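A.B. asks: fold the following, please.
(2 chains)
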Amino acid sequence: AQRVTQPEKLLSVFKGAPVELKCNYSYSGSPELFWYVQYSRQRLQLLLRHISRESIKGFTADLNKGETSFHLKKPFAQEEDSAMYYCALSLNSGGSNYKLTFGKGTLLTVNP
Amino acid sequence: EAEVAQSPRYKITEKSQAVAFWCDPISGHATLYWYRQILGQGPELLVQFQDESVVDDSQLPKDRFSAERLKGVDSTLKIQPAELGDSAMYLCASSLFGLAGKDTQYFGPGTRLTVL
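C.D. replies: Modelled structure (predicted):
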């Protein structure tokens, strides 16, 4: 079965420290993966997608098919990065339609 | 900037009552999703519409849940009768086409349901 695992429910780092949020997936096909973020009192929003290979707000994520991982990294964490982060896997839901399967999320706290 | 609208934001109801949630997607978005998010979990897809048609409702408890998007624009999710285990955040999202990797899902603020 297709599954997304985020092993850490909580992650706490100090400002300026590197941060890595882990995501592992289980999928037999060619995966398309995303990171969504929810800041306090805001909506869930897309942070980045692996297909774009982009860096957003200093975050990057590399798809490692051998380890079936899509970890989110930032070299120097900022207090404003404190939020809930969800890893998501895109699955075909019929025809040309796709849906997202989310992990349980990791709450990142960046301390001053 | 256009946003997905949902109402109500909060709903408290008693077990066995009927509840309904409304969602207005971003104008022009063909795909609409309803998710349920239980505390401590990630969002779980309940139903996906492409225009007015249901594309995926495999996780929708059809004995008590129903969803419609009659004109392919706004949508209503109904629960009848509500059970204690239905207490959760109900999120609506929309995307332009529903295509993997190329499409962004935009989420609404959610409706927090509490069943007493």
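A.B. asks: so where's the chain shaky on pLDDT?
C.D. replies: The chain I'm using is chain A. The model of chain A has no residue with pLDDT under 70.
A.B. asks: you looked at the wrong chain, it should be chain B
C.D. replies: Using pLDDT under 70, chain B drops low at B:100-102.
A.B. asks: run the last query once more with 90
C.D. replies: Applying pLDDT under 90 to chain B flags residues B:1, B:40, B:55, B:70-72, B:97-104.
A.B. asks: can you tell me the residue of it closest to chain A?
C.D. replies: In chain B, the residue that lies nearest chain A is residue B:42 (3.2 Å; Cβ to the nearest Cβ). Placement of C-beta: from N, CA and C, glycine included.
A.B. asks: name the nearest residue to the residue lying farthest from the centre of chain A, ignoring sequence neighbours.
C.D. replies: What lies farthest from the middle of chain A is residue A:95; by Cα atoms, centre = their mean that is 26.2 Å. Spatial nearest neighbour of residue A:95, chain neighbours left out: residue B:55 (7.3 Å); criterion: Cβ to Cβ, 6 or more residues apart in numbering or on different chains.
A.B. asks: give me the distance from stretch A:10-30 to the chain's centre.
C.D. replies: 6 Å (Cα atoms, centre = their mean, to the nearest Å).
A.B. asks: okay, buried residues for that stretch please.
C.D. replies: A:11, A:13, A:19, A:21, A:22, A:23, A:24, A:25, A:27 (16 or more other Cβ atoms under 10 Å in any protein chain shown).
A.B. asks: tell me which element the first one falls in.
C.D. replies: When you say that, I think you mean residue A:11. Taking DSSP states H and E as the definition, residue A:11 sits inside strand A:10-14.
A.B. asks: sheet partners, orientation included, of that strand?
C.D. replies: In the sheet, strand A:10-14 lines up against strand A:106-111 (parallel) (DSSP bridges).
A.B. asks: make sure residue B:85 is indeed in a strand.
C.D. replies: No. According to DSSP: H, G, I helix; E, B strand; the rest coil, residue B:85 belongs to no strand; its state is helix.
A.B. asks: tell me who's in contact with residue 107.
C.D. replies: Unless you meant another one, I'm taking chain A. A:9, A:10, A:11, A:83, A:84, A:85 (Cβ atoms under 8 Å, 6 or more residues apart in numbering or on different chains).
A.B. asks: meant chain B actually
C.D. replies: If you count contacts by Cβ under 8 Å, 6+ apart, residue B:107 has them with A:43, A:44, A:45, B:4, B:91, B:92, B:93.
A.B. asks: closest one of the residues you listed to residue B:50?
C.D. replies: Residue B:50 has its nearest neighbour among the contacts of residue B:107 in residue B:93, at 13.4 Å by Cβ to Cβ.
A.B. asks: picking up where we left off before, please list only the buried members of the contacts of residue B:107.
C.D. replies: Buried among the contacts of residue B:107 by 16+ other Cβ under 10 Å: A:43, A:44, B:4, B:91, B:92, B:93.
A.B. asks: count the residues that sit near the residue lying closest to the fifth one once chain neighbours are set aside.
C.D. replies: Translated: residue B:92. In space, not counting the residues next to it along the chain, residue B:92 is nearest to residue B:23; the distance is 3.5 Å by Cβ to Cβ, 6+ apart. For residue B:23, the count of nearby residues is 25 (other Cβ atoms under 10 Å in any protein chain shown).
A.B. asks: helix/strand/coil for residue B:23?
C.D. replies: Going by three-state DSSP: residue B:23 is strand.
A.B. asks: was I right to think residue B:22 contacts residue B:7?
C.D. replies: Yes. Here residue B:22 lies in contact with residue B:7, judged by Cβ atoms under 8 Å, at a distance of 5.1 Å.
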